[in-house]
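Peer 1: just coords:
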């Protein structure tokens, strides 16, 4: 709170962590929850239990879900796609947005999104160039930026930050990962979101306060229960 971070979403990557996220949402008024099954989870998703959790008043998103074709040893691509479609169906059933993890699977993700009419959500920890950004923006998705944009090698990503429509920008920490350049080597935390916010505001030629107002409005529009 002292750093100016007044609301956050604790996301789930499996059944246990989804349950923990819901519990945190009920324990702290600043916290909402996501329930989901990460693409690298080996276990089968418990769809019935996740669906029951998704009804909870503190759940605002189905995620983290998605596809990861770069990690060695993860579930087969076909199984990941099957599970993603199951998660999309769950989100549609409960009228919730999705938070998408993408590594090496942008085309397949776009295909899956197009196959689920009305699906909406955010590309979590967006790390691609403007051409790909446009394609995800065209299907109605938001782009979420983290500390990665502060890395010296990320000029192309900073260009996306500059060009992204104001009403589609979200910010995140990806805590305990995704630290900014100046905090490398220490666990990330929600308070460090200010590092990303300061650079995004500078790149877009606005104040941090203006960015905060816009980002808050965007989050409430997408994650509707956060009002």
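Peer 2: Thanks, I have the structure now. Bear in mind the structure is a predicted one, so any value in this text is a computation, not a measurement. Residues are numbered from 1 along each chain as shown.
Peer 1: so residue 62 makes contact with residue 91?
Peer 2: Yes: shown here, residue 62 and residue 91 form a contact pair, counting by Cβ atoms under 8 Å, at 4.0 Å. Quick note: C-beta positions are derived from backbone N, CA and C, even for glycine.
Peer 1: OK, contacts around the spatially closest residue to residue 10 that is not a sequence neighbour?
Peer 2: Counting by Cβ to Cβ, 6 or more residues apart in numbering, residue 21 is the residue found nearest to residue 10 once chain neighbours are left out, at 4.0 Å. By Cβ atoms under 8 Å, 6 or more residues apart in numbering, the contact set of residue 21 is 10, 11, 12, 33, 34, 35.
Peer 1: the helix or strand containing residue 90 packs against which elements?
Peer 2: Taking DSSP states H and E as the definition, residue 90 sits inside helix 77-93. Taking 3 or more Cβ pairs under 8 Å, 6 or more residues apart in numbering; DSSP states H and E as contact, the helices and strands that helix 77-93 lies on are helix 47-54, strand 59-68, strand 98-103, helix 106-115.
Peer 1: each with direction, which strands does the shortest one pair with?
Peer 2: When pairs are called by DSSP bridges, strand 98-103 turns out to pair with strand 59-68 (parallel), strand 121-123 (parallel).
Peer 1: for residue 101, find the nearest of those strands.
Peer 2: Proximity to residue 101 (Cβ to Cβ) singles out strand 59-68 among the strands paired with strand 98-103, at 3.3 Å.
Peer 1: can you check what angle separates the closest one from helix 77-93?
Peer 2: Relative orientation of strand 59-68 and helix 77-93, computed by axes from the mean of the first three to the mean of the last three Cα atoms, to 10 degrees: 160 degrees.
Peer 1: so strand 59-68 versus helix 106-115, what angle?
Peer 2: Here the directions of strand 59-68 and helix 106-115 differ by 140 degrees (the same axes, to 10 degrees).
Peer 1: low-scoring stretches of the chain, by residue?
Peer 2: Under the criterion of pLDDT under 70, the regions of the chain flagged as low confidence span 1-3.
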